[in-house]
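Peer 1: dropping the sequence and predicted coords here.
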Amino acid sequence: MSRKIVVGFDGSEASRRALDFAVKRAKLQGDNILIAHILEWSPYSFLTPSEIEERHRRRKEELERAESAIITPVIKAIEAEGVPVTAMMKYGHIAETICKISESEKAELIIIGRMGTSGLSSRIFGSVAGTLAQIAPVPVTIVP
């Protein structure tokens, strides 16, 4: 029986390592991969109606660029390896949105790459991988 693995992917080297790990696992165990591409988007409640309209237009353009430049080529490469793959692109807080996707898609595992930063900013603000390890509804594999 195939399981669904959610892979957080943003095109970075860390996310490519995570995706490579997921593809190897999927080939061995017959799993399906769902690529989750999340764009951070903070809500502003004090925007004017015209600013909101412009913001939504830019948001749509960003999603279209991400799909054509990042997601479509990766999906084609994974399909060529014979691994079932789908993708989901959303706006929001990265870790929280990946958790919501995992729940709604009934995933059994999340795989995420670790950026390798251990500086002050990651200690103050936390990392996506660290947050997922704490809040995820399913096991999380963090790929170094």
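Peer 2: Thanks, I have it.
Peer 1: how far away is the residue lying closest to residue 106 once chain neighbours are set aside from residue 48?
Peer 2: Here the nearest residue to residue 106 in space, its sequence neighbours aside, is residue 4; by Cβ to Cβ, 6 or more residues apart in numbering that works out to 6.5 Å. All C-beta atoms are positioned from the backbone trio N, CA, C, and that covers glycine. Going from residue 4 to residue 48 by Cβ to Cβ, to the nearest Å gives 41 Å.
Peer 1: which one of the two has more residues nearby?
Peer 2: Taking residue 4 and residue 48 together and counting by other Cβ atoms under 10 Å, residue 4 has the greater number of neighbours (18 against 8).
Peer 1: what's the host helix or strand of residue 99 packed up against?
Peer 2: Using DSSP states H and E, residue 99 maps to helix 94-104. Of the remaining helices and strands, those touching helix 94-104 by 3 or more Cβ pairs under 8 Å, 6 or more residues apart in numbering; DSSP states H and E are strand 4-8, strand 32-39, strand 85-91, strand 109-113, helix 128-135.
Peer 1: which residues does residue 32 bridge with?
Peer 2: residue 4 (DSSP bridges).
Peer 1: where's it relative to residue 85, distance?
Peer 2: From residue 32 across to residue 85, the span is 7 Å (Cβ to Cβ).
Peer 1: circling back to that earlier point, now do the residue nearest to residue 106, the pLDDT please.
Peer 2: For residue 4, the model assigns a pLDDT of 97.
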